[in-house]
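Undergrad: predicted coordinates and the sequence they were generated for:
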Amino acid sequence: MQKIFYEKEIDLLHQLKELVSLTVDESIDYKIEDHGVRAVGSLAIKGEYISQEKRHFLENVELDVYADDQKIIDRQDFHLKVEDFHYDIIDGNLKIKIEVGVYGVEEGENRYIQLDEDPIDEIEKLSRDVETQTINEQVVAEAPEEIHDVEKLQEKIYETKEKEEKVDDDEDLGVYYLYVVLPNDTYASIARQYQVDEKMIRDYNQDLNLDAGQILIIPYAPKDHSNKV
């Protein structure tokens, strides 16, 4: 089993005084493909809180995770599951850390993903064309753009779109790969495979030593919408 930890701050406009309820539910379908197994679905982060009155919020994280047969131990056992989550109330907003287990694959290094990091210049350049088509012009004019991490096992991509009932005019988009390192992989060979600058990959992964089964974050350079699934 591998684990991915997602850490995200949910902006409630600093109005959160008391958290009444919080749930994280997965809804995932599985499809056996020629050379692996794919999991498609979403994680729903739902909660109720008190500001001046009771309010609700909802965040949906779309998932499309592909595991290659080289990393799968048992196809029938391959599945994703929310193992646990923890939260903190910080300055009237909610910070949540979600532990997702990836079962039926070889063990690998755990990954810790910050979903609400500040915009990254290199990724803004790579994804500018996609973002200008998907982000409402009025939202861009009124608020700074925020790019969210998107993870994927092996060589597939999935997107994350977050929407809050409280703030319904805010929609952010970002794309990343999660790549499972194979024997004899190097930063140079991975950079050539994804046509991404080697230094950028090293920087995103803090120049970690490469071991088979380890998961790397690969910034995704979009070419057109047909590449997205």
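TA: Nice, I can see it.
Undergrad: after the host helix or strand of residue 28 comes which helix or strand?
TA: Here residue 28, judged by DSSP states H and E, is contained in strand 18-33. Sequence-wise, the next helix or strand downstream of strand 18-33 (DSSP H and E) is strand 36-50.
Undergrad: list the buried ones in that next one?
TA: Within strand 36-50, the residues that qualify as buried are 36, 37, 38, 39, 40, 41, 42, 43, 45, 47, 49, counting by 16 or more other Cβ atoms under 10 Å. Every residue, glycine included, has its C-beta placed from N, CA and C.
Undergrad: for residue 76, what are phi and psi?
TA: Note on residue 76: its backbone torsions stand at phi -70, psi -20 [degrees, to the nearest 10].
Undergrad: next, count neighbours for it.
TA: Neighbour count for residue 76, taken as other Cβ atoms under 10 Å: 10.
Undergrad: check residue 110 too.
TA: 11.
Undergrad: go ahead and confirm it touches residue 5.
TA: Yes: Residue 110 lies in contact with residue 5 (Cβ atoms under 8 Å); the separation is 6.5 Å.
Undergrad: could I get the full set of helices for this structure?
TA: In the chain, the segments counted as helices under DSSP state H are 121-134, 137-142, 187-194, 198-204.
Undergrad: and the furthest pair within the buried residues of strand 36-50?
TA: 36 and 49 (40.1 Å; Cβ to Cβ).
Undergrad: least trustworthy helix or strand in this protein by mean pLDDT?
TA: Ranking every helix and strand in the chain by mean pLDDT, DSSP states H and E puts helix 121-134 at the bottom, with a mean of 42.
Undergrad: low-scoring stretches of this structure, by residue?
TA: Low-confidence segments of the chain, defined by pLDDT under 70, span residues 116-176, 220-229.
Undergrad: count the neighbours of the closest residue to residue 194 other than its chain neighbours for me.
TA: The shortest distance from residue 194 to any non-neighbouring residue, by Cβ to Cβ, 6 or more residues apart in numbering, is to residue 218 (5.4 Å). Burial measure for residue 218: 23 neighbouring residues, criterion other Cβ under 10 Å.
Undergrad: quick one: contacts for residue 218?
TA: 176, 177, 178, 179, 190, 194, 196, 201, 204 (Cβ atoms under 8 Å, 6 or more residues apart in numbering).
Undergrad: show me which of the residues you listed is closest to residue 214.
TA: residue 179 (9.1 Å).
Undergrad: ok, residue 204 to residue 187 distance?
TA: 11 Å (Cβ to Cβ, to the nearest Å).
Undergrad: so residue 213 is in contact with residue 102, correct?
TA: No: look at residue 213 against residue 102 with Cβ under 8 Å: they stay out of range, at 11.7 Å.
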